[in-house]
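Asks: got a sequence here, can you model it:
(chains A and B)
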Amino acid sequence: MNLPTLESINLAASLPVLILAGWACLLTAIDLFISPERKHWTAWLAVLGLLASGVALGFEAVAYSQRGAVSAFGDMAVVDGFALFLQGVFLLSAFLGILLALNYLPRHNIERGEYYTLLLFTTSGMMLMAMAADLIVVFLALELLSLPLYVLSGFAHPRLDSEEAAMKYFLLGAFASGFLVYGIALTYGGAGTTLLSGVVEALVGGGPAPNPVLAIVGMGLILVGLGFKVAAVPFHMWTPDVYQGAPTPVTAFMSVGAKAGGFAALLRVFLIAFPATGDTWGVVIAIIAALTMILGNVVAISQSNVKRMLAYSSIAHAGYVLVAVAAARYPEVEPLAVSAAVFYLLTYAVTNLGAFAIVIALERDDGTGVEVEDFAGLAKTRPWLAIAMTLFMLSLTGIPPSAGMVGKFFVFQAAVQASVGDPLILTVTIIGVLTSVISAFYYLRIPVMMYFRDGEGQANVQPALGVALALTALATFLLGVVPAPFLQMARHALLTLAG
Amino acid sequence: MDGLFSIVPLIILAPFTGVLINVFFGRKLMPRRDSVAPGVIASSMAGFSFLIAVLMFFALLANPAGAEVPVLTWINVGDGDFTLHIPWTLKVDTLSSVMMLVVTGVGTLIHIYAIGYMHGDIDEKAASRGLEGEEALDFKRRRYARFFAFFNLFLGSMLVLVTANNYLMMFVGWELVGLCSYLLIGFWFDSPEKNEAGQIIGVLNSSAGRKAFVVNRVGDFGMLLAIMLIFWSFGTLEFDDVFARAECMIEAPQAECLTLSAAELAPQGEGEAAAEEHGEGEARALTTPIALGPFAPTLGVVVTAITLLLLLGATGKSAQIPLFVWLPDAMAGPTPVSALIHAATMVTAGIYMITRSNVLYAMAPVSGMVVAVIGGATAFVAASIAVAQFDIKRVLAYSTISQLGFMIAAVGLGGYIAGIFHLATHAFFKALLFLGSGSVIHGMEHGHHHAHGQGEHHDAPHGEDERPFDPQDMRQMGGLRKHMPVTTWVYIIGALALAGIPPLAGFWSKDEILLDASLNSTLVYILLTVAAFFTAFYMGRQVFMVFYGSERTEAARHAQESPPVMTIPLIVLAGLSVVGGLINLPVGGLHPLGRWLEESVANAHIASFNILVATISTVLALVAIGLSYLLYGRKPLEEGEADPLYSTGPVFTFLNRKWYWDELYAAIFVRPYNRLGDFLANAVDWQFWHDFVHDRIIADAFQGWAAILSRPIDLGIVDGAVNGVAQLVESTSRSLRRVQTGYVRNYALAVLMGVVAILAYLAIRFLV
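Replies: This next block holds a predicted model:
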């Protein structure tokens, strides 16, 4: 066993995470000195932290383009294109998450500085997750990601449904974490190491593996733990209740960040392990993908609460990303599938945050106003809002000119390539296309409401929210019209085993 | 200095920023009725673009080779054998720089002019629909901001067109300017007034916009086919690569040239020398076969097809025979629009495109001849029509078509420098004339209001010729020289420049075209010379009718000079019309523009000055002006007096009715199309398909069947089954809902069941 050296720890490579986590700790203390009516200062300080982390990330990206991937913490973490791309998505989502909350919290009388610090903590957890190359780090990152989210879900705490959401999320999250730890333990028992590269070696049979089967079973339990985070069927049941109960900005951020965080680990763990276990886990993931898409889309139809509808929609979208994961088991498809998955996560992030921004605009101070009927007549009273919402709904459905269409296109492209000679993936792909047709039914109901039904169509767009809306709408449109530059970045989002 | 090229994207960014500002905040920027903020913003954006264009000019002085500045990758698909890579890369070279300077320079002046003009125009429109107070203010806010948003959008789009480095991006700009043209022609689509024939003006305006759009579609269709053919033959759309590969294919087989890029060819320079060597004397037979699906036509055929299809595109946008009919109607737009889009810039896109494609045209002598003849014929036909028009703007519209014909003829004959030269000078003096006519219209409208505001009705006693007031009808003007001195003088300068009187700008550029024509094609030379004669005549006629003699209406009597915001751009443009010829002065082998363009136009040649051609054209112009003086100047028209040209009878009617082109198209295309549509809609769709097939066959038969099916079969068997399924779905749904109980323990159970399922799968896999 080599002792860690300064070089093998390579703090510089993980600078974006370190900055964010460190700033979050500091900000917790600073926040104590900011008077209650000035909590927006905390928000802007948090944005400052995100900005600093973003700058560091930029330097990392430049360095990556020159020297390729590097590892940190003695191979327990790796900074590669995949990690950098997703870290960018997390930072962007966190920034938008703050913008969404800036006016929401005071309006609902729940403005406390902890919101912003907790947001920074969970974001640093996600970023760590993206670079985790060791199962212990995966677990660490998952907990760092989850615990602040449990608190955030209950942030509106005099409100019962918010407390209920937090409680449910916490209990079930703990339950799922248990499986994850157990899975890691089994894998360790089977492979003799928690390093992903080591696990793969053991599975392929090159290393001194006591029991590969045990490791494969362990990975099944890891799949359960991560499947819970991304809300894949049948580990999804917490989603509607928590999404509906949590304060809307939290829901927005959670639906995007936590999901992408879960996928960051899922992609890295399973894609690295696929060469050895593809025929086992490829089948399971494909089936889960199919179930997730079907259930999410079908049940979403019968929802009348938009937050709940978006929760089922979020389940459905996890299914589409899982299709890409399943397709990635074939080495020749893998690069395309990975870039499709991360690009999909990016498009989903901007679109969904935008959709939630509209929900926030419509939500009244008592938490009502988020039924589908509340959208009636919006096109007359708030035409720009209606256009933006229509764009988001088109994007979620996957209709041009929107980001969602490009994202779906690449996922299905990867799936179709993988489906040559694999009837299961072919079936899953067809299910994916069919269910996205179904999804049009519930997504497009909202534009229909806005444009063809009479109603009061009240909305309250405050400045920060307006900025967030403009940014997300513009991004949704641009990603749909000129996706090339971002795809180029996603193409570089390659997975590296270890630096 | 080369680093300077990299700021060229700003030239497009600035006007588009102006669009965004005016779309989102334009209305808020107009607190009062006389606010000009949207116009100032749009004008300063245009001015900023002009500044960038000037900087590009200096950068090119230092490095005439220019640069290609990548902005982003637009399309990038395929790998291996087939790739399609379309970047949005801005091309800065001497040719595009001339276009940038003209577009932004003239554009800025017209933007400034429009600040004043649109104020008056919108007030007038608001008054005519009876809006007052807050309503009128709101109307004005919306229209003023909208106008400048569109205007900036046009400027940005035009710059997209001229800076493109490939055909597809050029096509994007091509379509964008078409869209802006459509939007601005129909700017007053909702005018409620009626004209003498009782038609609603708004409807006429919007159908003028539609006509422009539809006619341009025909040209765009050709352009698109040409682009596809270029891609198919040469495997790329980037200008330099297309031309390099096309020249390569003269000698080598197609496959060898397909990977070639311009950059690889440039250093050796032999190809160029070889091309010149061959270029002398007769055209070569281009026999290299080009693979086009099942066909393999020769290179010569393909290039001829491409260039002819491109020409079709140019005839649409640059208003040439057979597609010129949209441009006169396009005068329905506000006058600054006519000046900027339909005289100075957009309509010259065709000339620019052909000049850009000069390498291809050099390889297709047949196409070149077709281009030249079409240009010459257009110049002649349009000039003859202009002689017999009464609407001040329509005269200018036909004049524009005619002058565009000159340019097209020039580039068709290989006189690219002459064509671009005339493009630039024409932009100056035609913009000047249009803006001058706008000033006249503005003054007339003012006079009309003034006269009526005082309750005078002097028009009435004068009798039988009771035309309704039309501020654009030259018969209602006269004597404006006394009321609008500045406008008069700049207008006369513009008219003399257009007529080709030395030493004004138009003389030099037109002379160069005539010179090229006299050397290459007698037919074209004759057509153009006659057209030049007509040009001088109709301009003389217009000036005498509008500015000289006595006022023929009350409105003319009360006409007033326009404000400085309008007259200053006019004076600047007048100055440019006087000295514009300097940019390509042929004296002493100078030819600055020629030397400039040689850098980027491979087939440019510099024509030397020919005193004979110059003398003939000058003498003809003077004679024509003299003739117009005899007819209109010596004894000016009086109120109600008919135009002396009426005495020519049918000839005049023929010209006044524009050679019956519109009637011809109506007979050949529009009416048959309508009849076909009528037949398809009424006979085929309604009577046959709906009444017979649907109602008779399908519906009746269906009802018959239904009668049988509904009672015994449906009620009995099917309903039973359906109700059963429905109950099943309902109960499934109920049980599904019961799954989502809200109880954490049940959710945990679901997770556990998932775990069990996965473990069971593993057990089966590994144990069985």
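
Asks: what's the burial count for the residue nearest to B:Thr345 when sequence neighbours are not counted?
Replies: Of all residues not flanking B:Thr345 in the chain, B:Val103 sits nearest, at 5.0 Å (CB to CB, 6 or more residues apart in numbering or on different chains). (C-beta placed from N, C-alpha, C; glycine too.) B:Val103 is flanked by 28 other residues according to other CB atoms under 10 Å in any protein chain shown.

Asks: and B:Val103, what does it touch?
Replies: Applying CB atoms under 8 Å, 6 or more residues apart in numbering or on different chains to B:Val103 gives the contacts B:Ala53, B:Leu155, B:Met158, B:Leu159, B:Val162, B:Ala344, B:Thr345.

Asks: likewise B:Ala604?
Replies: Taking CB under 8 Å, 6+ apart as the test, what B:Ala604 contacts is B:Asn358, B:Tyr416, B:Ile417, B:Gly594, B:Leu597, B:Glu598.

Asks: farthest-apart pair in the residues you listed, please.
Replies: B:Asn358 and B:Gly594 (13.9 Å; CB to CB).

Asks: buried residues in the strand or helix carrying B:Glu663?
Replies: Assessed by DSSP states H and E, B:Glu663 sits inside helix B:661-665. Neighbour-count burial for helix B:661-665 flags B:Trp661 (criterion: 16 or more other CB atoms under 10 Å in any protein chain shown).

Asks: run through who's touching it.
Replies: B:Phe324, B:Val325, B:Arg657.

Asks: excluding chain neighbours, what is closest to the second one?
Replies: In other words, B:Val325. Nearest residue to B:Val325 in three dimensions, chain neighbours excluded: B:Trp661, at 5.6 Å (CB to CB, 6+ apart).

Asks: same question for the first one.
Replies: The shortest distance from B:Phe324 to any residue that is not its chain neighbour, by CB to CB, 6+ apart, is 5.1 Å, and that residue is B:Ile401.

Asks: ok, the one you found - contacts?
Replies: B:Ala319, B:Gln320, B:Phe324, B:Leu327, B:Pro328, B:Thr378, B:Ala382.

Asks: if you set the cut-off to 6 Å instead, what comes out?
Replies: Neighbouring residues of B:Ile401 by CB atoms under 6 Å, 6 or more residues apart in numbering or on different chains: B:Ala319, B:Phe324, B:Leu327, B:Ala382.

Asks: got a ChimeraX select line for the buried ones in those?
Replies: Command for ChimeraX that selects the buried part of these, burial taken from 16+ other CB under 10 Å:
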select /B:319,324,327,382
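
Asks: point to the residue nearest the middle of chain B.
Replies: B:Met346 (3.8 Å; CA atoms, centre = their mean).

Asks: distance of B:Asp470 from B:Glu639?
Replies: Plainly put, B:Asp470 is 15 Å away from B:Glu639 if you go by CB to CB, to the nearest Å.

Asks: typed the wrong thing, it's A:Thr347
Replies: Distance of A:Thr347 to B:Glu639, given as CB to CB: 70 Å.

Asks: higher neighbour count, these two?
Replies: A:Thr347 (29 against 16).

Asks: check contacts around that one.
Replies: A:Ala403, A:Gly404, A:Gly407, A:Leu479.

Asks: okay, helices next: where are they in the stretch 501-650 of chain B?
Replies: B:505-520, B:522-547, B:554-557, B:564-579, B:592-598, B:611-628, B:650-656 (DSSP state H, counting those that start in this stretch).

Asks: these two touch, right, A:Ala231 and A:Trp238?
Replies: No - using CB atoms under 6 Å, A:Ala231 makes no contact with A:Trp238, being 7.7 Å away.

Asks: who has more neighbours, those two?
Replies: More neighbours surround A:Ala231 than the other of A:Ala231 and A:Trp238, with 29 against 26 (other CB under 10 Å).

Asks: with adjacent residues omitted, what lies nearest to the more buried one?
Replies: Closest residue to A:Ala231 apart from its sequence neighbours, by CB to CB, 6+ apart: A:Thr239 at 4.5 Å.

Asks: run through who's touching the strand ranked longest in chain B.
Replies: In chain B, taking DSSP state E as the definition, the longest strand is strand B:67-77. Under the criterion CB under 6 Å, 6+ apart, residues A:484-485, B:5-6, B:8-9, B:84-92, B:165 lie in contact with strand B:67-77.

Asks: cool, and stretch B:418-425?
Replies: Stretch B:418-425 has contacts (CB under 6 Å, 6+ apart) with B:98, B:102, B:348, B:351, B:355, B:406-407, B:410-411, B:505-506, B:509, B:512-513, B:516, B:580, B:584, B:593.

Asks: run the chain-centre distance for it.
Replies: Centroid displacement of stretch B:418-425 relative to its chain, using CA atoms, centre = their mean, to the nearest Å, is 17 Å.

Asks: swap in stretch A:376-383?
Replies: Relative to its chain's centre, stretch A:376-383 lies at 31 Å (CA atoms, centre = their mean).

Asks: now do the end-to-end distance for that stretch.
Replies: Using CA to CA, to the nearest Å, one end of stretch A:376-383 lies 12 Å from the other.

Asks: buried ones in it?
Replies: Those would be A:Ala376, A:Gly377, A:Leu378, A:Ala379, A:Arg382, for stretch A:376-383 by 16+ other CB under 10 Å.

Asks: and stretch B:571-584, by the same measure?
Replies: Those would be B:Val572, B:Leu573, B:Ala574, B:Leu576, B:Ser577, B:Val578, B:Gly580, B:Gly581, B:Ile583, B:Asn584, for stretch B:571-584 by 16+ other CB under 10 Å.

Asks: CA atoms of whatever helix or strand B:Arg394 lives in as CSV?
Replies: Assigned by DSSP H and E, B:Arg394 belongs to helix B:392-412. What follows is helix B:392-412, C-alpha atoms only, in CSV (Å, rounded to 0.1, in the frame of the first residue of the first chain):
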residue,chain,number,x,y,z
ILE,B,392,-43.6,59.2,-58.5
LYS,B,393,-42.4,56.1,-56.7
ARG,B,394,-43.5,53.8,-59.5
VAL,B,395,-41.3,55.7,-62.0
LEU,B,396,-38.4,55.1,-59.6
ALA,B,397,-39.3,51.5,-59.2
TYR,B,398,-39.2,50.8,-62.9
SER,B,399,-36.0,52.8,-63.0
THR,B,400,-34.6,50.5,-60.3
ILE,B,401,-35.5,47.4,-62.3
SER,B,402,-33.9,48.9,-65.3
GLN,B,403,-30.7,49.8,-63.5
LEU,B,404,-30.6,46.4,-62.0
GLY,B,405,-30.8,45.1,-65.5
PHE,B,406,-27.7,47.2,-66.3
MET,B,407,-25.8,45.5,-63.5
ILE,B,408,-27.0,42.0,-64.4
ALA,B,409,-26.0,42.6,-68.0
ALA,B,410,-22.6,43.7,-66.8
VAL,B,411,-21.9,40.7,-64.7
GLY,B,412,-23.3,38.5,-67.4
